[in-house]
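Visitor: sequence isn't available, so here's the structure alone:
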């Protein structure tokens, strides 16, 4: 490539002598570049303000601003700092001047006279460097243009993909989406909108939005958008809420809808988007719920009235039961006096204190005494029941050991068992089992169970088995081999005055088992039965390791601890002697 065909750059030559400038032009002319003259340092600086140069040839010795000062100013400027400077001098040849020239930014320091070829070659090197830098800059600009174009293409591709995704989402959305312009003309009508309003997109395009959504004119939508903008600008962080509107199908049928509205201002104008959902079914359900709520409110008011009436009746019943218990207690105390008198005098008669008796008289008095004892037992049971219902059974807690307590009871009931031809057997899995409970109440319960087992055990062996509970308590099973009890009667036998299969020989008051169960519950335990017809019965008494120390009561009223009735201490032996019946 020739010099004329190459790209041209600017070369600045600075010298205060015209002949030197002319000589430099002659030397550099073969390079084919543009040469710019400057006769002083100030002129060189003015040229640098107007254009850039590939290289500067600068004379050292010049009047006014010398070459060193000019170079310092050139290097101090950001734009011209990278321009190479070659110093030319015929006088300042000392090493001090050479060093100073390089220190102010020169790339070469040439003494006059010099060889034209050498100067031309050095300048040509910097010309080539400038041309290469220019090409690199141009390539950099082209690369930036290419990157910008690639970025624009990528953005365009992403926009196209986004638009495709939006079209796919809009087309497959479950909610109706309607887009219209500032004049209310519909531009988009998705598939859900076609199904909701029973109109095809081709028929809806260009139609006014009021045809399908009542109150959805531009003015109404603008008001909704303004309200949404105020909410977004507020400090309460409120989000756009759905708006209740009315939709209209192609056949004129109207239905309730819930819609969210957005407004977008673009260069092409304002665009409105309505996303609507048919809420007909929800409105029907809400109406049904309102009717149900009204019905429930009426039922609640009626139930409140019934509850008040029930509470009144319950109070009346509690007062009646209290009165009954007081009557039982009063009558029991009143009846015991004459009964004890009958028993006492009949005993005196049988002991012939008042003289001899015939056999018929003895038999009659014995029957009278037996009937009086049965009556006394009934009175005592009624008194016990009334005290339990009144909450006046006190518990005397103390340590109790099993099976010692049961062995003591065997001594008491063995005569009754012998009279009925039944044997008694006791087994215990662990000895001793220690509890803290009321021993008198436990004996009362077990004595009743043993008496029933003897009388209804069909003269078969009676088995008592005790075992420890997991919590340290005890379980006592009293098992007979009698006729058994039907399943439907398992709970009935624990009701007052209920007796099953009683005969004249068996007797009983029908209160023993109800009292026993209530006493077991007062001891924080339980009394249950397991029986089948023809297989005998097993009554299970379960007691905890410790009973709560309290005055046992059924009601929540606090009552003082009652005095101990003197008849309680003698009652177990009296029951055994009186042969109590199936007291169920």
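Guide: Noted; the coordinates are in hand. This is a predicted model, so every value here is computed, not measured. Residues are numbered from 1 along each chain as shown.

Visitor: can you map out the strands along the stretch 301-450 of the chain?
Guide: All strands of the stretch 301-450 of the chain, identified by DSSP state E, counting those that start in this stretch, fall at 393-394, 398-402, 424-428, 433-437.

Visitor: so which of those strands comes closest to residue 137?
Guide: strand 433-437 (105.5 Å; C-beta to C-beta). Bear in mind the C-beta positions are built from the backbone N, C-alpha and C, glycine included.

Visitor: out of the strands of the stretch 301-450 of the chain, which gets the lowest mean score?
Guide: With a mean of 74, strand 393-394 has the lowest mean pLDDT of the strands of the stretch 301-450 of the chain.

Visitor: what packs against that strand?
Guide: strand 551-552 (3 or more C-beta pairs under 8 Å, 6 or more residues apart in numbering; DSSP states H and E).

Visitor: how close does residue 213 get to residue 272?
Guide: Distance of residue 213 to residue 272, given as C-beta to C-beta, to the nearest Å: 11 Å.

Visitor: backbone phi and psi for residue 535, please?
Guide: phi -120, psi 10 (degrees, to the nearest 10).

Visitor: now the nearest residue to it once chain neighbours are set aside: phi and psi?
Guide: Closest residue to residue 535 apart from its sequence neighbours, by C-beta to C-beta, 6 or more residues apart in numbering: residue 484 at 5.2 Å. Main-chain torsions, residue 484, degrees, to the nearest 10: phi 90, psi 170.

Visitor: please apply the same query to residue 293.
Guide: Here residue 293 shows phi and psi, under degrees, to the nearest 10, equal to phi -60, psi -40.

Visitor: and the host helix or strand of residue 37, what does it pack onto?
Guide: Per DSSP states H and E: residue 37 is located in strand 34-38. In terms of contacts (3+ C-beta pairs under 8 Å, 6+ apart), strand 34-38 is packed against strand 10-14, helix 18-28, helix 41-50.

Visitor: one more time with 10 Å, if that's ok
Guide: Applying 3 or more C-beta pairs under 10 Å, 6 or more residues apart in numbering; DSSP states H and E, one finds that strand 34-38 contacts strand 10-14, helix 18-28, helix 41-50, strand 55-59.

Visitor: now for this structure: which strand has the highest residue count?
Guide: Longest strand of the chain, by residue count under DSSP state E: strand 254-266.

Visitor: what pairs with the next helix or strand after it, and is each one parallel or antiparallel?
Guide: Remark: after strand 254-266, the chain's next helix or strand is strand 269-278, criterion DSSP H and E. In the sheet, strand 269-278 lines up against strand 176-181 (antiparallel), strand 254-266 (antiparallel) (DSSP bridges).

Visitor: just to revisit the earlier point, what does the strand holding residue 37 contact?
Guide: 8-16, 18, 21-22, 24-25, 28-29, 43-48, 50-51, 53-54, 56-59, 62, 70 (C-beta atoms under 10 Å, 6 or more residues apart in numbering).

Visitor: in it, which residues are buried?
Guide: 36, 37, 38 (16 or more other C-beta atoms under 10 Å).

Visitor: how about stretch 533-551: buried residues?
Guide: So for stretch 533-551, counting by 16+ other C-beta under 10 Å, buried means 536, 537, 538, 539, 540, 541, 542, 543, 544, 545, 546, 547.

Visitor: so what's the first one up against?
Guide: By that I understand residue 536. Per C-beta under 10 Å, 6+ apart, neighbours of residue 536: 453, 456-458, 460, 462-463, 479-485, 530.

Visitor: by neighbour count, which of the residues you listed wins?
Guide: Counting neighbours by other C-beta atoms under 10 Å, residue 453 leads the contacts of residue 536 with 29 neighbours.

Visitor: ok, and the closest non-adjacent residue to it?
Guide: In space, residue 453 is closest to residue 480, 3.9 Å off (C-beta to C-beta, 6+ apart).
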